[in-house]
Each structure stands twice: as structure tokens, then as C-alpha cells.
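Asker: Model the following, please.
(2 chains)
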Amino acid sequence: GAVVSQHPSWVICKSGTSVKIECRSLDFQATTMFWYRQFPKQSLMLMATSNEGSKATYEQGVEKDKFLINHASLTLSTLTVTSAHPEDSSFYICSARSEAGGPGELFFGEGSRLTVL
Amino acid sequence: AQTVTQSQPEMSVQEAETVTLSCTYDTSESNYYLFWYKQPPSRQMILVIRQEAYKQQNATENRFSVNFQKAAKSFSLKISDSQLGDTAMYFCAFMKHQTGANNLFFGTGTRLTVIP
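Answerer: Here you go, the predicted structure:
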């Protein structure tokens, strides 16, 4: 199967600092990756669609300047939370589609838990 | 707009018994995919089972099967012979059937605990 890996798995930062989360497809190329945010006991909410070599597509209500997404290669997408605040604390998950998967199947990373103090 | 509803926040089942998780959805699309994803504690989400809306036959994957009622927009997951490793959050999800990058719409999840 296809493997997606996220790093770091957890991070604690001070309010006002920026944090970068990486999402890598380890054994396949991903032209498109998805970034989700998951609140405790809630569902995953799509934040943005990351497109290799072009700008990300953000969902309504998601601040582009707050959550910077870069997809510079076919195996790496990064999410940078800029000037983080406590309300940005959450679980961030990325996913990608692989030809190894069936129709519509997405492969997910392990998730990154961000805590902003 | 698509919505996915899971009305059971938590469920438990005795090991080796059978449990059914409920999911309903709302869409105006005629062709789509439905999924059940499993998110074990501290581990990544994995696909459990997939159903294509144009297929009437219910999908089955070993101990996992679905009851897909298209007219009722219902998509329940049955887990037979429950095992301790089935303990996880289970998310029902919907995806339009179209070319290009598609988004998954998730339900709020059901936390399943398998009791030894």
C-alpha cells in the first residue's frame, strides 16, 4: 500500500511563532495532497487542497495567510501555521491519493498535534 | 452540499460479538462513493471498506460489511466477530464520483470499544 508520513507528530510552540508541518508520500508521487484539521471528538475538516507546482486551493473560512501551504515536489507538501495562537491548537492530518489505492481511496499521514501556549 | 451524519458518538461490543455502526448522508449527486475509515488510537487513518453508489451489491471485506440503502441514504457498517484490534474511531465518509481531486466529507465519528 501507499505510505504517507507526517513530521513532526507533535509540536509545542509559543504564541506568535510559526510552525511547519511536513507531509511526505514515501513510496509514490502525489500531485495532490489534502490538509485536514481535526478538533477533539469532532470530524476532520478539509482546510486546503495542495497542488504540486501551483497554489493551494483553500476552503471557505480558512485564512490563506495564516496557513501557508507549499507543494514544491511530488512527494512533499508543507503546512506552515504562521503567528500561531492558542486557538490554532489542533490535530492536523494530511492525505494523498495513490494509484495503488482503489477509486476514491485516500492514504493518510499519522497526524501532527500542535499545541500553542 | 453534502453532509454525513453519525448519530452514535460511542459504542462498545463484547469481543467476538457483532456490532453495527450507523451512518446517513445527504446529497443531490447520483453517483458517488461511500467509505468507512478507521482511526486507531495514536495511529493513522486507514480505509476499512468502500461502496460505489451505482453498485447495488453491498460491499464486504472479511469481517466488515455494509448495508447500503441508497434510497434511504443510509450506509451502516457491520463488524462481525469483533476483535480487540477493532477498537478505534470509525468515520463514515462521502466523495463525489468525478475526475480530478475530490474531497472527502466526513461524519463526526463513532468511537468503538471492544471489550475483552
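Asker: which regions of the chain lie under the pLDDT threshold?
Answerer: Went with chain A since none was named. A:1 (pLDDT under 70).
Asker: Hmm, no, I was thinking of chain B.
Answerer: Confidence mapping of chain B against pLDDT under 70 gives the ranges B:99-102.
Asker: what does it put close to chain A?
Answerer: Neighbours of chain A within chain B, by Cβ under 8 Å from any Cβ of the partner chain: B:4, B:9, B:33, B:35, B:37, B:43-47, B:50, B:52, B:91, B:95, B:97, B:101-104, B:106-109. Backbone N, C-alpha and C define where each C-beta goes, glycine included.
Asker: Among those residues, which ones are in strands?
Answerer: Judged by DSSP state E, these include B:Val4, B:Tyr33, B:Phe35, B:Tyr37, B:Ile46, B:Leu47, B:Arg50, B:Glu52, B:Phe91, B:Met95, B:Phe106 as members of strands.
Asker: how about residue 41, what does it touch?
Answerer: All of this refers to chain A. B:Pro9, B:Thr108, B:Gly109 (Cβ atoms under 8 Å, 6 or more residues apart in numbering or on different chains).
Asker: try chain B instead
Answerer: Contacts of B:Pro41 by Cβ under 8 Å, 6+ apart are B:Thr87, B:Ala88.
Asker: Ramachandran angles for the closest residue to A:Ser83 other than its chain neighbours?
Answerer: Closest residue in space to A:Ser83, ignoring its immediate chain neighbours: A:Gly16 at 5.7 Å, by Cβ to Cβ, 6 or more residues apart in numbering or on different chains. A:Gly16 adopts backbone torsions of phi 100, psi -10, taken as degrees, to the nearest 10.
Asker: what about residue 50, how many neighbours?
Answerer: Going with chain A. A:Ser50 has 26 neighbours, counted by other Cβ atoms under 10 Å in any protein chain shown.
Asker: Hmm, no, I was thinking of chain B.
Answerer: 20.
Asker: got it, and B:Thr113?
Answerer: By the measure other Cβ under 10 Å, the count of residues near B:Thr113 is 14.
Asker: picking that back up, so can I have JSON lines of the contacts of A:Lys41 showing neighbour count?
Answerer: Listed next are those as JSON lines, based on neighbours: other Cβ atoms under 10 Å in any protein chain shown:
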{"residue": "B:Pro9", "neighbour count": "10"}
{"residue": "B:Thr108", "neighbour count": "17"}
{"residue": "B:Gly109", "neighbour count": "23"}
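Asker: ok, back up a step: give me the buried subset of the ones in strands among the residues of chain B next to chain A.
Answerer: B:Val4, B:Tyr33, B:Phe35, B:Tyr37, B:Leu47, B:Arg50, B:Glu52, B:Phe91, B:Met95, B:Phe106 (16 or more other Cβ atoms under 10 Å in any protein chain shown).
Asker: nearest residue to the second one other than its sequence neighbours?
Answerer: The spatial neighbour of B:Tyr33 that comes closest, neighbours along the chain excluded (Cβ to Cβ, 6+ apart), is A:Gly104 at 4.1 Å.
Asker: residues contacting the one you found?
Answerer: Shown in contact with A:Gly104 (Cβ under 8 Å, 6+ apart): B:Tyr33, B:Phe35, B:Arg50, B:Met95, B:His97, B:Asn102.
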